[in-house]
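A.B. asks: next one to model:
(2 chains)
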Amino acid sequence: MSPTPGGEAPSDAELVAAYRAGDERAAAELVRRHLGAVGRFLYASGAGRSDVEDLVQETFFRAFRKVDGWRGDAAFRSWLFTIAGNLLRDDYRKRKGRQVISIDDRDLPDRADPEADLVASEAAERVRDGLTRLPRLQREVFLLRSQEGREYEDIAAALGTTPGAARVHYHHAVKRLKELVR
Amino acid sequence: MTICEQLSERMPAVVRGTAQWTADEQAHLDGCDECRAEWALLVAAGGLGLDVAAELDGHHVTERVLGRLRAERGRVRVRRIGWAMGGLAAAAALMLAVATGNRGPHPATVSPSVAAAEIPLPELDSLPTPELQALLDALDAPLGGAVQGLDTGELDDLDSHELQRVLDGLEG
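C.D. replies: All right, here's what the predicted structure looks like:
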């Protein structure tokens, strides 16, 4: 899939249309474009570090298999997040509800300022732990807004709710996380 | 909208670097515990999983996803061919059953020519072609023409007594 005549990178909608027409390079570009965000979303939602790559792969596989289900009313990435969320829920049920955070998730990276990193890492882990305790809709609204900067209209379209409800879910999530992280 | 709500609305964009605090907003943030707590939460969430995402092998994921999609398309194609072959086999079996059913338990009605063709006549095998042709011509000829060697035209001129004498002569 080459850039458009104007030199701009093709939009997600154009890549999806190209993939539907049989262009596998379009699928490869979509994976490249959204891989990291989907991985972060899965990890922040409680997936084990060692499971993230398999879950990302499964998310894209499911997305391309039912790509006709993406109607373009929500951003493609937001739609991917809903698939990833469903996948994580299925995976969680399969593991019969046991905590999916693996031991290596607590390993700290070797950086120049270990004390600051430790504080940041501990804060991040508390947030992550808090996120796993939230209702699914609150967690997904919070991540779509805090990590992706999505507007409530887009979040609502992706999650099948209203913008007003998405706003309420976000504020509930923030309030609850503040309590859990303190 | 209160200043706290205003900050809350703008925090995701500021955390992601797509917007900046105004001086008033920054001043409020510095003095508001609730806003600072929310800000710390957003900063932590914004950085969550960045290292995990960086470790993902995009090429590997792409190859595996595309490989699975190709394999699934192949399975669907094989399944469709299987269904088509099954359909053809069923149609052929149905046609065979209908054809067999037409013969069914009733005795076969065979035309006389077919019946004659099925009767073995070994004596005909020894005949040369011209004789066989003559025989076939004789069989095909009208019945009246089958009486050879008799000029029936001469008999028309005879009276009844003369005819009687001819008949008596033929019978011996």
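A.B. asks: please count neighbours and contacts with C-alpha atoms only from this point.
C.D. replies: Noted.
A.B. asks: hmm, the helix ranked longest in chain B in reach of chain A?
C.D. replies: Secondary structure assigned by DSSP state H gives helix B:58-103 as the longest helix of chain B. Yes. Applying CA under 8 Å from any CA of the partner chain, one finds helix B:58-103 touching chain A at B:58, B:61-62, B:64-66, B:68-69.
A.B. asks: wait, A:Arg65 sits on B:Arg70?
C.D. replies: No. The pair A:Arg65 / B:Arg70 is not scored as a contact, 10.5 Å apart, by CA atoms under 8 Å.
A.B. asks: show me where pLDDT drops low in chain A?
C.D. replies: A:1-6, A:96-120 (pLDDT under 70).
A.B. asks: B:Ser160 and B:Leu167, how far apart?
C.D. replies: For B:Ser160, the distance to B:Leu167 equals 11 Å [CA to CA, to the nearest Å].
A.B. asks: nearest residue to the middle of chain A?
C.D. replies: A:Phe41 (2.9 Å; CA atoms, centre = their mean).
A.B. asks: that one: helix or strand, and which one exactly?
C.D. replies: Using DSSP states H and E, A:Phe41 sits within helix A:24-44.
A.B. asks: how about the contacts made by A:Ile83?
C.D. replies: A:59, A:62-63 (CA atoms under 8 Å, 6 or more residues apart in numbering or on different chains).
A.B. asks: now intersect these with the strands, please.
C.D. replies: Within the contacts of A:Ile83, no residue falls in strands by DSSP state E.
A.B. asks: tell me the one of those nearest B:Leu96?
C.D. replies: Lowest distance from B:Leu96 to the contacts of A:Ile83 (CA to CA) belongs to A:Arg62, with 44.9 Å.
A.B. asks: what are the neighbouring residues in contact with the closest one?
C.D. replies: Contacts of A:Arg62 by CA under 8 Å, 6+ apart are A:Ile83.
A.B. asks: again, only using 10 Å
C.D. replies: A:Arg62 sits next to A:56, A:80, A:83-84, A:87, B:65, B:69 when contact means CA atoms under 10 Å, 6 or more residues apart in numbering or on different chains.
A.B. asks: can you check B:Ala54 too?
C.D. replies: By CA under 10 Å, 6+ apart, the contact set of B:Ala54 is A:35-36, A:39-40.
A.B. asks: which SSE is residue 131 in?
C.D. replies: Since no chain was named, I'll use chain A. With DSSP H and E as the test, A:Leu131 turns up in helix A:114-133.
A.B. asks: my question was about chain B
C.D. replies: Per DSSP H and E: helix B:129-140 holds B:Glu131.
A.B. asks: tell me what that helix is packed against?
C.D. replies: With contacts defined as 3 or more CA pairs under 10 Å, 6 or more residues apart in numbering or on different chains; DSSP states H and E, helix B:129-140 has these neighbours: helix B:122-125.
A.B. asks: what about the nearest residue to A:Val127 once chain neighbours are set aside, how many residues close to it?
C.D. replies: Nearest residue to A:Val127, sequence neighbours excluded (CA to CA, 6 or more residues apart in numbering or on different chains): A:Val181, at 6.1 Å. By other CA atoms under 10 Å in any protein chain shown, the residues close to A:Val181 number 19.
A.B. asks: and A:Val181, how close does it get to B:Val65?
C.D. replies: In terms of CA to CA, A:Val181 sits 37 Å off from B:Val65.
A.B. asks: please apply the same query to A:Arg89.
C.D. replies: A:Arg89 is 21 Å from B:Val65, by CA to CA.
A.B. asks: and for A:Arg126?
C.D. replies: According to CA to CA, A:Arg126 and B:Val65 sit 33 Å apart.
A.B. asks: higher neighbour count, these two?
C.D. replies: B:Val65 (23 against 18).
A.B. asks: burial of B:Gly17, as a residue count?
C.D. replies: B:Gly17 has 9 neighbouring residues, counting by other CA under 10 Å.
A.B. asks: ramachandran coordinates for it?
C.D. replies: Dihedral angles of B:Gly17 (phi, psi; degrees, to the nearest 10) stand at phi 80, psi 10.
A.B. asks: now tell me which helix or strand of chain B has the poorest mean pLDDT.
C.D. replies: Using mean pLDDT, DSSP states H and E, helix B:112-118 stands out as the lowest-scoring helix or strand of chain B, at a mean of 53.
A.B. asks: next, the contact list for the nearest residue to B:Pro12 once chain neighbours are set aside, please.
C.D. replies: Among residues not flanking B:Pro12 along the chain, A:Ser146 sits closest, at 5.0 Å (CA to CA, 6+ apart). Going by CA under 10 Å, 6+ apart, A:Ser146 touches A:140, A:170, B:11-13, B:15-16, B:41-47.
A.B. asks: let's see it at 7 Å
C.D. replies: B:12, B:42, B:45-46 (CA atoms under 7 Å, 6 or more residues apart in numbering or on different chains).
A.B. asks: what about A:Arg77, neighbour count?
C.D. replies: 19.
A.B. asks: repeat that for the one 3 residues further on.
C.D. replies: A:Leu80: 24 surrounding residues under other CA under 10 Å.
A.B. asks: sticking with it, tell me its helix or strand.
C.D. replies: helix A:76-94.
A.B. asks: list the buried residues for that helix?
C.D. replies: A:76-85, A:87-88, A:92 (16 or more other CA atoms under 10 Å in any protein chain shown).
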